[in-house]
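> no sequence on hand, only this structure:
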Ligand code: GDP
């Protein structure tokens, strides 16, 4: 049905009852896709309705609602999780209803699932090994432990045999990656800090991740056997991060250990169980089809897809039909961490599963389906949905501009930030200044992570999970991270002047941010040689690595990811002896940056242009 619309544009119309389902974060492009319209036409219609938006900007439900009403559609906004819930619903699987229907009688205690995190070289791997060796059961069986991504140990706590499950991939990368995929696996985090080294950047990163996920922390003060170890200093240092030791009147348990000499391991397990019992209600229904998460998986030449799954509730049996993410199949055999065959696996039990037709990803949830056919259909439907979502390419989760909008509509009250800078002094100064912004009662600013160095995959994952905005001060993206940020729609802002960052955040918090200009990358060149010229200043003999270098555009010089010269201009540009207006990727050129003479071999020269940003 075509009918003239506002502004004279042609848009296919609905009949007032046509339902269009859109994922949260969708843009006019996505809507246009669903109703087979031209995105530009929708921009025009929306404009005539008094709202301005670009085709790729993600819009809220109200804006879509207004537009849809005008065009005769009913909008339903859904999240990826809701979509999956519906997909399962079509097969009569309703996990929420299942949980709700479970009464106290159905639930039995399950072991805590623990992740070990901390700074590199502080002894995470060693500690995981030491814990494995204390296991009374493994000791009896004399079994050799294999790495399957997770293991369970037994310990006697207050006279009772208790199990504890450990995720055997140390570090917070795996933790956040799983969280980013919606899987909450960890109940308790052990934060390892070497007593001879103290609190380090990744210590803080790890504790930020755990705190952001609301996971209680037990601190293992490691390497107490070493000369110069100062366990008390660690306790003191960590009070700054809201981890106050019990002996100092706080509620975090600190245990002194030596992973190397096997000292304090039992006490650490004890502390984990005490913390779990005090802070968490770890119970699950074991008497139903298994539900859980894939921890790690790989393709084995002889055995096919091998996946380690953690059962979270229910019981997994050999012969069950399962679907994990898009992978499906029937459980042909199960093995524990000693390589022993297992027939059943209950809550908090990690097992290696054979029989899937493809390899699931870490963090994919799995369920037991009623039969093979259902498992296959769910897997295939998910795959199709994923492909569609990828095509629609999710847009910005939240940007400072969105925040301003959402704030005005009273939809948000917390602005989450991740701060990265070239030196810790700058990060601290920035954080201090940001936290001093006076914005009244309604909004809150929360710095969920801060650190020194380039913007990493981790930062983006964290920002994805907690809808945070990343602020980079005199730093750049680490390799390949820009793509990830782009794909996930995370707003990453770069500054080289602290006040500009503060101004923007303050404006956003006060609901007044006006998008104006944005930096558009034009290209980058690598400096191969530096020629000294008394007339023109230094000339950087360079090769264009991406895009193009154009004369008279803005430029900056970076060295090892750090900005060493900013707000420069490409004042001269030569191809051999001739002046050039622009030089493209793959070609060599001589670049003069005016009075800026601090160019070195190996530097990167980046150019950009300021373009006016469409107003939200
Ligand atoms: P990770 O990077 O955190 O996994 O650290 P590792 O477990 O690989 O340990 C780093 C180094 O510290 C290794 O050389 C270990 O042998 C050593 N180490 C770990 N725990 C202890 C300990 O309790 N005492 C001493 N002296 N050395 C330790």
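Noted; the coordinates are in hand. All of these numbers come straight from a predicted model, not from anything done at the bench. Numbers count the residues shown, from 1 in each chain.

> and the stretch 1-150 of the chain, which residues reach the ligand?
118, 120-126 (C-beta under 6 Å from any ligand atom). For glycine as for every other residue, the C-beta is placed from the backbone atoms N, C-alpha and C.

> same thing but at 5 Å, please
By C-beta under 5 Å from any ligand atom, the residues of the stretch 1-150 of the chain that approach the ligand are 120-126.

> cool, the chain as well?
Checking the chain against the ligand by C-beta under 5 Å from any ligand atom, the hits are 120-126, 222-223, 225-226, 258-260.

> who wins for neighbours among the residues of the stretch 1-150 of the chain next to the ligand?
Using other C-beta atoms under 10 Å as the neighbour test, these are led by residue 122, with 30 neighbours.

> state the pair within the residues of the chain next to the ligand that is farthest apart.
120 and 225 (19.5 Å; C-beta to C-beta).

> which of the residues of the chain next to the ligand fall in helices?
By the criterion of DSSP state H, membership of those in helices covers 124-126.

> was I right about residue 153 contacting residue 166?
Yes. Look at residue 153 against residue 166 with C-beta atoms under 8 Å: they come within range, at 7.0 Å.

> overlap in contacts of those two?
Listed as contacting both residue 153 and residue 166 by C-beta atoms under 8 Å, 6 or more residues apart in numbering are 131-132.

> where along the stretch 151-300 of the chain do the strands fall?
160-167, 188-194, 217-222, 253-256, 283-285, 291-300 (DSSP state E, counting those that start in this stretch).

> let's have the ones you listed in a markdown table, adding mean neighbour count.
Converted to a markdown table, those look like this (neighbours: other C-beta atoms under 10 Å):
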| stretch | mean neighbour count |
| --- | --- |
| strand 160-167 | 19 |
| strand 188-194 | 26 |
| strand 217-222 | 27 |
| strand 253-256 | 22 |
| strand 283-285 | 19 |
| strand 291-300 | 21 |
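
> in TSV: these, plus mean pLDDT.
As requested, those are exported to TSV (pLDDT from 0 to 100):
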stretch	mean pLDDT
strand 160-167	94
strand 188-194	96
strand 217-222	97
strand 253-256	97
strand 283-285	95
strand 291-300	88
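
> could you find the closest non-adjacent residue to residue 343?
Nearest residue to residue 343, sequence neighbours excluded (C-beta to C-beta, 6 or more residues apart in numbering): residue 318, at 5.4 Å.

> dump the residue contacts of residue 245.
The contact partners of residue 245, taken as C-beta under 8 Å, 6+ apart, are 219, 235, 238-239, 252-254.

> of those residues, closest to the ligand?
Comparing those against the ligand with C-beta to the nearest ligand atom places residue 219 closest, at 14.2 Å.

> does the closest one touch residue 255 like I think?
Yes. With contact defined as C-beta under 8 Å, residue 219 counts as touching residue 255 (7.2 Å).

> give me the element residue 438 is part of.
Assigned by DSSP states H and E, residue 438 belongs to no helix or strand.

> ok, now how distant is it from residue 93?
Going from residue 438 to residue 93 by C-beta to C-beta, to the nearest Å gives 50 Å.
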